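A.B. asks: Quick one: sequence plus predicted model below, questions after.
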Amino acid sequence: MKTVWKSATVKLLLGFFTCLFIGMLSEQTFPLLFLYVLSLLCWQFYELYRFHSWIRRSGRSLPPDSSGIWGDVFDAVNRLQKKQRKSKKRMQQALARIEDSTSALQDGVIMADNTGRLEWWNTSAGDLLGLVKPTDRSQPLTNIVRTPEFFRYFSQKRFGDPLVIQSPAKEGTFLEFQTTLYSKNDHLIFVRDVTRLHLLEQMRKDFVANASHELKTPLTVIKGYLETLDMFKESLPERMQKGVVNMNTQSNRMELLIEDLLLLSRLESNQRADSDQWHNVSDLIQVICDSAKVFTTSEHFLSWDADEESSIFGSYSELYSAFSNLVVNALKYSPDGGEIDISWQVNKDGGIFCVQDNGLGIDPRFIPRLTERFFRIDKGRGSDTAGTGLGLSIVKHVLHHHDSKLDISSQLGFGSTFSCHFPRTRVRESSTPEIEAIDKDAS
Ligand code: ADP
């Protein structure tokens, strides 16, 4: 037992026996004992009152003077409160330091809860988005940044890639949003002013689009003359004949390149050639296979499998371009006798368009770079196939427009599989009763 409790017990018993002894001597045992217990009770009550009044003053003043068990209780509570005050002060100082450093950041930092309601933001975020304290606190971020792209990005949690959009507060300013989920799916959002980069990127896109467009006319003229020369090549010297054939091949390649560049520019600038509509996938694959067969001169076994009823929601010309690029690639990069399987499957997650070949295959270290513009694994490999290196880049952009993604798996020397994964909202099997719901969703 602790010393303080021992001495309190001794004092209590001493008092009790003294009262008992005096009471027995004076034949007043009961009244004396009663008086003793009553005085003990009053004293405890008084100490409790002092403790309560001290605690009510939030324990900031010195604790009341007391001895024994109550003195010990006062000291212990006082120590505890001092400790708590110190750690609270330390935490406040740390918080103030974090707030100071984030205020000094040029990039905006926003914290929002798991439903996207604003909790905290630094000065830069306030400036970039026009946030006002405390009015905007607890407001959903989608009420502040009211663009369809941001709504899709935030509500569908597409946080894999950063999003660049125009600032809702400053005209002509472009902002990049990068979001990370933390703790219980709360949002930590970094906002960066990327106006300069965006304008440079826009200039580059405009330059490519304009240059490609301007090159089209002279190339058509050159091609016209080359075709005429080709018609009369028999009358030309042998060395010239070779040159004409070569020039014809290269001008065709240039034409392909310009067409791909123009298509890529259109896709990058979100100019849609046609609006999204439902298309029968089986019919689309049939058309692609027919034109792909014309493209290849070598012997390939082309087979395809798709549910005749199934449809996809998207732009016909873009989907045609993406799917035919994959099919043509499979033909280009498979030697004679190669087998190419095209399939369309629908499952609970959506639809998968898949092109599988048993051709040259791809070294796994090149797979992450395949969708880069002008990336070709082995320029020598493609010289006879006249590729532009833009095909897979076009596929990536088209799939991005259709909220979908490309998966590539391959083994060098054994073939490759390219799969396009479409979300459930863009796919329907006519036999299912959900058609109407999907129709509404998609529109
Ligand atoms: P290209 O016009 O050169 O075909 P792409 O962007 O379509 O350009 O493809 C990029 C590169 O990826 C190609 O140069 C080729 O090396 C490789 N590639 C694409 N598809 C296949 C495939 N099915 N099998 C093997 N390699 C492929």
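C.D. replies: Now that the structure is in, tell me what you want to look at.
A.B. asks: what's the closest non-adjacent residue to Ser66?
C.D. replies: Excluding the flanking residues, the one nearest Ser66 by C-beta to C-beta, 6 or more residues apart in numbering is Phe74, at 5.6 Å. Where C-beta positions appear, they are placed from N, C-alpha and C, glycine not excepted.
A.B. asks: Number of residues surrounding that neighbour?
C.D. replies: Using other C-beta atoms under 10 Å, Phe74 has 21 neighbouring residues.
A.B. asks: After whichever strand or helix holds it, which helix or strand is next?
C.D. replies: Following DSSP states H and E, one finds Phe74 within helix 68-104. Going down the chain from helix 68-104, the next helix or strand is strand 108-112, by DSSP H and E.
A.B. asks: what helices or strands is the helix holding Phe74 leaning on?
C.D. replies: Judged by 3 or more C-beta pairs under 8 Å, 6 or more residues apart in numbering; DSSP states H and E, helix 68-104 is in contact with helix 3-26, helix 29-56.
A.B. asks: show me the residues around the residue of the stretch 1-150 of the chain found nearest the ligand that make contact.
C.D. replies: Distances between the stretch 1-150 of the chain and the ligand by C-beta to the nearest ligand atom are smallest at Glu149, namely 26.4 Å. The contact partners of Glu149, by C-beta atoms under 8 Å, 6 or more residues apart in numbering, come to Leu163, Ile165.
A.B. asks: State the helix or strand in which it lies.
C.D. replies: helix 148-155.
A.B. asks: In terms of secondary structure, what does the helix or strand following that helix contact?
C.D. replies: Using DSSP H and E, the helix or strand that follows helix 148-155 in sequence is strand 163-166. With contacts defined as 3+ C-beta pairs under 8 Å, 6+ apart, strand 163-166 has these neighbours: helix 148-155, strand 174-182.
A.B. asks: And these, which one averages the lowest pLDDT?
C.D. replies: For the helices and strands packed on strand 163-166, mean pLDDT drops lowest on helix 148-155, to a mean of 90.
A.B. asks: so that one versus strand 174-182, what angle?
C.D. replies: 10 degrees (axes from the mean of the first three to the mean of the last three C-alpha atoms, to 10 degrees).
A.B. asks: change the start of the numbering to 37 and stick with it
C.D. replies: Okay, residue one is now 37; in that scheme the one you just asked about reads as helix 184-191.
A.B. asks: can you give me the angle helix 184-191 makes with strand 144-148?
C.D. replies: 50 degrees.
A.B. asks: Would you mark the buried spots in helix 184-191?
C.D. replies: Phe186, Tyr189, Phe190 (16 or more other C-beta atoms under 10 Å).
A.B. asks: Please report how far the last one lies from Phe454.
C.D. replies: Okay, so that is Phe190. 30 Å (C-beta to C-beta, to the nearest Å).
A.B. asks: one step back: surely the residue nearest to Ser102 and Gly104 touch.
C.D. replies: No: Phe110 lies out of contact with Gly104 (C-beta atoms under 8 Å); the separation is 10.4 Å.
A.B. asks: And the strands in the stretch 237-386 of the chain?
C.D. replies: 313-316, 337-342, 347-350, 375-383, 386-393 (DSSP state E, counting those that start in this stretch).
A.B. asks: Figure out how far the third one is from the centre of its chain.
C.D. replies: The chain centroid and the centroid of strand 347-350 are separated by 24 Å under C-alpha atoms, centre = their mean, to the nearest Å.
A.B. asks: Same question for the last one.
C.D. replies: Relative to its parent chain, strand 386-393 has a centroid offset of 24 Å by C-alpha atoms, centre = their mean.
A.B. asks: sorry, back to before: which of the helices and strands packed on strand 199-202 sits closest to Pro99?
C.D. replies: Nearest to Pro99, of all the helices and strands packed on strand 199-202, is strand 210-218, at 42.2 Å by C-beta to C-beta.
A.B. asks: What pairs with that closest one, parallel or antiparallel?
C.D. replies: strand 199-202 (antiparallel), strand 222-229 (antiparallel) (DSSP bridges).
A.B. asks: Convert the C-alpha atoms of it to CSV, please.
C.D. replies: What follows is strand 210-218, C-alpha atoms only, in CSV (Å, rounded to 0.1, in the frame of the first residue of the first chain):
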residue,chain,number,x,y,z
PHE,A,210,-4.8,26.7,-66.8
LEU,A,211,-4.6,24.5,-63.7
GLU,A,212,-3.4,21.0,-63.2
PHE,A,213,-5.1,18.9,-60.6
GLN,A,214,-3.4,15.9,-59.0
THR,A,215,-5.4,14.0,-56.4
THR,A,216,-4.3,11.4,-53.9
LEU,A,217,-6.7,9.5,-51.6
TYR,A,218,-5.5,9.1,-48.0
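A.B. asks: what comes up buried for that strand?
C.D. replies: Neighbour counts over strand 210-218 (16+ other C-beta under 10 Å) mark Phe210, Leu211, Glu212, Phe213, Thr215 as buried.
A.B. asks: Of all residues in the stretch 87-236 of the chain, which one is closest to the ligand?
C.D. replies: Asp197 (19.8 Å).
A.B. asks: Look up how far Gln277 lies from that residue.
C.D. replies: 51 Å.
A.B. asks: Show me which of those two is the more surrounded one.
C.D. replies: It is Gln277, of Asp197 and Gln277, that has more neighbours when counted by other C-beta under 10 Å, with 15 against 9.
A.B. asks: On the pLDDT front, check the more buried one for me.
C.D. replies: We have a pLDDT of 89 for Gln277.
A.B. asks: Could you do Leu272 as well?
C.D. replies: At Leu272, pLDDT is 85.
A.B. asks: for Gly418, same thing?
C.D. replies: At Gly418, the model reports a pLDDT of 47.
A.B. asks: Low-confidence ranges, the stretch 237-386 of the chain, go.
C.D. replies: 331-334 (pLDDT under 70).
A.B. asks: residues from the protein in reach of the ligand?
C.D. replies: 361, 365-366, 369, 393, 395-396, 398, 406, 411-413, 417-418, 423-429, 452 (C-beta under 6 Å from any ligand atom).
A.B. asks: Return the residues in contact with Ser62.
C.D. replies: Leu68.
A.B. asks: same deal with Phe213?
C.D. replies: Phe186, Tyr189, Pro198, Leu199, Val200, Ile201, Ile225, Phe226, Val227.
A.B. asks: Return a ChimeraX selection command for the buried portion of those residues.
C.D. replies: Buried residues among those (16+ other C-beta under 10 Å), as a ChimeraX selection:
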select :186,189,199,200,201,225,226,227
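A.B. asks: Buried ones in the helix holding Phe110, by neighbour count?
C.D. replies: Here helix 104-140 shows Trp106, Asp108, Phe110, Thr138 as buried, counting by 16+ other C-beta under 10 Å.
A.B. asks: Could you do stretch 234-253 as well?
C.D. replies: Applying 16+ other C-beta under 10 Å to stretch 234-253 flags His234, Val244, Ala245, Ser248, Leu251 as buried.
A.B. asks: between those, which is nearest Asp143?
C.D. replies: The closest of the buried residues of stretch 234-253, once distances to Asp143 are taken by C-beta to C-beta, is His234, at 15.4 Å.
A.B. asks: All good on my end, thank you.
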